[in-house]
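J.: compute the structure for the input listed below.
(one chain, ligands or ions: 2)
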Amino acid sequence: MKYPKLREIKGALKSFFSKPYTTRFPKEPHIPFSSFRGRPYYYEDKCIGCTACVNVCPTKALSFTDITDGNTAKRVLTINWDVCIACGQCELNCVSVEGIMLSNEFDIATTEHRSVLRQTIEKEMILCEHCNSAFACRDHLNWTIEKLGPLYPPNTTLLTFNQNALALSAETPHNERLIGRPDRFSVLCPRCRREAVFQS
Ligand code: SF4
Ligand code: SF4
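T.: Ligands and ions are numbered 1, 2, ... in the order given. This is a model prediction of the structure:
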């Protein structure tokens with residue numbers, strides 16, 4: 001017969017008289033430590049709709065859809081908490097820094113349909129004045145203008161977009177005619193911008 005070593009007996013006696021390492025959750029609420037990575041949340045007022053977080057998410061818990069309806073468009077960004085592994089890559093790579101942040105919420109188990117484990121936010125999109133395709137979020141363009149400061153006017157899409165926003169110029173109505181030199185001072189998607197530059 002093998003006898004337990006003294007070290008094991010000492011360990012057993014010590015744990016018998018010390019506090020348990022585990023908490024009494026779910027009987028008592030558990031407060032995670034401050035750097036705990038829990039479920040992430042989008043913050044609509046801080047997010048600029050750039051989709052960088054969607055690109056870095058390893059589990060495809062983040063996704064987006066662009067919806068165009070006539071002369072309006074929006075981008076819908078979604079988090080599916082049921083496939084999120086709380087790795088923190090979205091928060092780490094968020095372009096606006098506070099657009100998506102992890103909380104310390106860990107208890108997300110539910111008996112409801114998985115669709116309750118979802119958050120969606122909507123961002124207004126800007127349409128190309130030539131081809132009418134949605135190409136960027138309004139907040140993203142504003143953020144870029146703010147970041148570039150006095151350096152933004154050489155980008156004529158940003159210049160015209162800002163002038164329209166400040167009511168210094170009128171929006172060009174959408175048209176299907178051949179793109180040319182005058183269109184260089186319109187709000188254009190990258191494809192139409194290239195064509196306008198090429199044609200002039
Ligand atoms: S924490 Fe990780 S898995 Fe969860 S949404 Fe962010 S990037 Fe995706
Ligand atoms: S601003 Fe941040 S949260 Fe919003 S889409 Fe870009 S990376 Fe994602």
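J.: show me the helices in this structure, by range?
T.: For the chain, the helices defined by DSSP state H cover 6-17, 52-56, 89-92, 138-148, 156-165, 190-199.
J.: what's the pLDDT at residue 129?
T.: If you check residue 129, the pLDDT there is 88.
J.: then the one 5 residues further on?
T.: For residue 134, the pLDDT comes out at 94.
J.: how about the residues of this protein near ligand 1?
T.: 40, 57-59, 61-62, 79, 84-90 (CB under 6 Å from any ligand atom). Where you see a C-beta, it was placed from the backbone N, CA and C, and this is true even at glycine.
J.: make it 5 Å
T.: Proximity of the chain to ligand 1 (CB under 5 Å from any ligand atom) is limited to residues 40, 57, 59, 61-62, 84-87, 89-90.
J.: so among those residues, which ones count as buried?
T.: 40, 57, 61-62, 84, 86-87, 89-90 (16 or more other CB atoms under 10 Å).
J.: which pair in the residues you listed spans the largest distance?
T.: Greatest spatial distance in these: 62 and 86, 12.5 Å, computed using CB to CB.
J.: how's the chain carved up into domains?
T.: The record's domain split for the chain, according to automatic domain parsing, is 36-127, 128-200.
J.: ok, which of the ones you listed comes nearest ligand 2?
T.: Nearest to ligand 2, of all the domains of the chain, is domain 36-127, at 2.8 Å by CB to the nearest ligand atom.
J.: so how far is the helix or strand of the chain with the lowest mean pLDDT from its chain's centroid?
T.: Ranked by mean pLDDT, DSSP states H and E, the weakest helix or strand in the chain is helix 190-199, scoring a mean of 86. What separates the centre of helix 190-199 from the centre of its chain is 29 Å, taken as CA atoms, centre = their mean, to the nearest Å.
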